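*Asks:* With the sequence up front, the predicted model follows.
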Amino acid sequence: MLSQILDFLRDLEKNNDRVWFQENKERYETVRKAYLDVVQQLISRISLFDPEVSGLEAKDCIFRIYRDIRFSPNKLPYKNHFGAYMALGGRKSLKSGYYFHLEPGNSLLSGGLWMPEPKLLKMVRKDIYDQMDEFVSILEDPSFKAIYPKLEGEALKRNPEGYPADFPHDDIIRHKDFCVSAAKPDSFFSKKDWLDETVAAFEKLLPFNRFLNYTVEEYLGEV
């Protein structure tokens, strides 16, 4: 079924307009339901090692395919991908979680914090700085690094105010996002065990997410 979703997204990318979309609305509803079913399976499997996602509904985790074009120079009305963020609270969660992105030629499995609010970012930086050895050990664990090779996202050109200029891990402290991802070719989703491999990759995110979520929970007043 994922091949049908990818086929639809390829066609959408070539025909990104409202007329085509309305003519193919029934097809869209079919592949959307298939994506929902896959995400629900992922939630069920992830909850076995991360109980925080237990009870999540796929409909609360997937993002709308309709683009907000009000303030964007790109006026294409639809996204050319399906995305779902699985964390306590669903797609609007501030917590570090599990992101499943399906897009022809650009699919990925990801986790971490993307564009955290300024106050939260400041807290995350400080906690990483204070516990840098633990954080680096998570990133450098061979089984983690084999899937998620590097910390991704935007970064400052120099160390934030209050941090020493000669800090040995300034490349980490400069980050504005704290996330990792694993790119997957379209052929990955044709494999019989793609779901098992995806769940295994997400399980490797658990210590990374737990480290970041300690700070998020503190920020939210949960600890």
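*Replies:* Ah, there it is.
*Asks:* Residues in contact with the helix or strand of the chain with the lowest mean pLDDT: which ones?
*Replies:* Here the helix or strand of the chain ranked lowest by mean pLDDT, DSSP states H and E is helix 170-173, holding a mean of 93. If you take Cβ atoms under 8 Å, 6 or more residues apart in numbering as the criterion, helix 170-173 is touched by 125, 128-129, 132, 135-136, 151, 155, 159-160, 163, 167. The way it works is simple: take the backbone N, C-alpha and C, and place the C-beta from them, glycine included.
*Asks:* Now that helix: buried residues?
*Replies:* 170, 172-173 (16 or more other Cβ atoms under 10 Å).
*Asks:* Stretch 37-47 too?
*Replies:* For stretch 37-47, the neighbour count (16+ other Cβ under 10 Å) marks 38-40, 42-43, 45-46 as buried.
*Asks:* can you list contacts of it?
*Replies:* Under the criterion Cβ under 8 Å, 6+ apart, residues 1-2, 53-58, 61-62, 84, 86, 98, 100, 195, 198-199, 202-203 lie in contact with stretch 37-47.
*Asks:* Of those residues, which belong to strands?
*Replies:* Per DSSP state E, strands hold the following members of the contacts of stretch 37-47: 84, 86, 98, 100.
*Asks:* Output the below-cut-off pLDDT ranges for the protein.
*Replies:* 223 (pLDDT under 70).
*Asks:* hey, where'd the strands end up in it?
*Replies:* 82-86, 97-102, 107-113, 178-184.
*Asks:* quick check: angle from the second one to strand 107-113?
*Replies:* Read that as strand 97-102. Orientation check (axes from the mean of the first three to the mean of the last three Cα atoms, to 10 degrees): strand 97-102 against strand 107-113 gives 160 degrees.
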